[in-house]
Structures are given as C-alpha cells and as structure tokens.
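K.L.:
My questions concern the predicted model and sequence given below.
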Amino acid sequence: MLRAVEGHRSRPGLDGEDFVSQLLQLRVALVQGEHGGVLAGVADPLEQWGRRHLGAHDQDRLAASERQRVERVVAAARSAGAQWASLRGPESPAELTEGSTAALHLASGTMLTATVDPWSGGPPYGLQVAPTDGLPTSRNFADRAEWLAEYRRCRTELAAAPPGSAGTPAT
C-alpha cells in the first residue's frame, strides 16, 4: 500500500490536500481494515512517512517555482538589453547590512554573489565569482570599501569581456 501512495505523490496535479487525503485513507484501511486493527501500530510511522514525502513534494514545487522565477527575471533582463540580471537581493551590495545579493552576467553566465555576515566571527564581507565553465572563487574582506571596490571591478571586467567568453575576472 505504501508503494501505491508513493506513486500518487509524484502524479502531476496532485496537491498537498489530495496527498493527505490519500494518506488518511490508507491509514484508516491499515488500522481498521481487514486485519482487525492488528496494524494499529503502523499509524505513527505511516504519518511520519507521509510528512516526509509531502515535504519532498512541496520542495519539488518550490524548486520548480524558483526556476521559473529566475527564468522570468533573466528573460526580462535580456529583453531590456541589460548586461546583468539581479537574481536575489538588492541591485547593489552597498545596500546590504546582512544577507546577500546575486547577479548573473548574461553574456558569460557568470554568477557574482556578494554576502554580508556580521555574525560569522571572521571577515564579514564575501564575494564569490562562479563561472559556468569552471570552479567558483571566493574571497572574504574585513573592509567594506575594499569589498565594494572588488565587486565593482569584477562587474566591470565581466562586462568588458568578449561575448561568449567565460569572462572570469582574476580575483
């Protein structure tokens, strides 16, 4: 029976309420069904199983929704003739007091992520350059002005790279 409900979890169009309903029907069948309640002890593990799988289903939907959001942002930036698409956070890292901002260089596919973590115990400012065809490079900065200058330098260098090149700035 668990395999039957597992198959329903991945069925297109099945929402959380439908899944919970299927799970409850299975639980009733196991507890009160043909075994005369002998399987009553299965109810708690079955509920835990259902919560795990429902969570996975929700995670899949959230991931798909995020992919679609990013695709819309990139498409809008391309149609506007922009060189960059701001995928997360403020447009400029200068606006950050904590958190992060991520920008995608459209011509090269390189992601530039700036972070501020005042609670890290180390240098609070971070910068990661992640090209599509190589390993990301990361640097940490204790000085905010130095971090912002390096962010601007990376953006300028990527923007000046020939179209279609990896465009990975030297960090």
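P.N.:
Done, it's in. Residues are numbered from 1 along each chain as shown.

K.L.:
Helices of the chain, start to end?
P.N.:
With helices called from DSSP state H, the chain shows them at 2-9, 16-32, 43-79, 144-160.

K.L.:
can you tell me which of those helices the model trusts least?
P.N.:
Set side by side, those give their lowest mean pLDDT on helix 2-9, at a mean of 48.

K.L.:
who's in contact with the nearest residue to Ser138 once chain neighbours are set aside?
P.N.:
Setting aside the residues directly before and after it, Ser138 is nearest to Gln128 in space (C-beta to C-beta, 6 or more residues apart in numbering), at 4.5 Å. In short, each C-beta sits where N, CA and C put it, glycine included. Listed by C-beta atoms under 8 Å, 6 or more residues apart in numbering, the contact set of Gln128 reads Met111, Leu112, Thr113, Thr115, Pro136, Thr137, Ser138.

K.L.:
Is the fourth one in contact with Gly89, as I believe?
P.N.:
Same thing as Thr115. No - using C-beta atoms under 8 Å, Thr115 makes no contact with Gly89, being 9.2 Å away.

K.L.:
which residues do the two both contact?
P.N.:
Residues touching both Thr115 and Gly89 (C-beta under 8 Å, 6+ apart) are Leu96, Gly99, Ser100.

K.L.:
returning to that earlier point: higher neighbour count, Thr115 and Gly89?
P.N.:
Applying other C-beta atoms under 10 Å to Thr115 and Gly89 shows that Thr115 carries more neighbours, namely 21 against 18.
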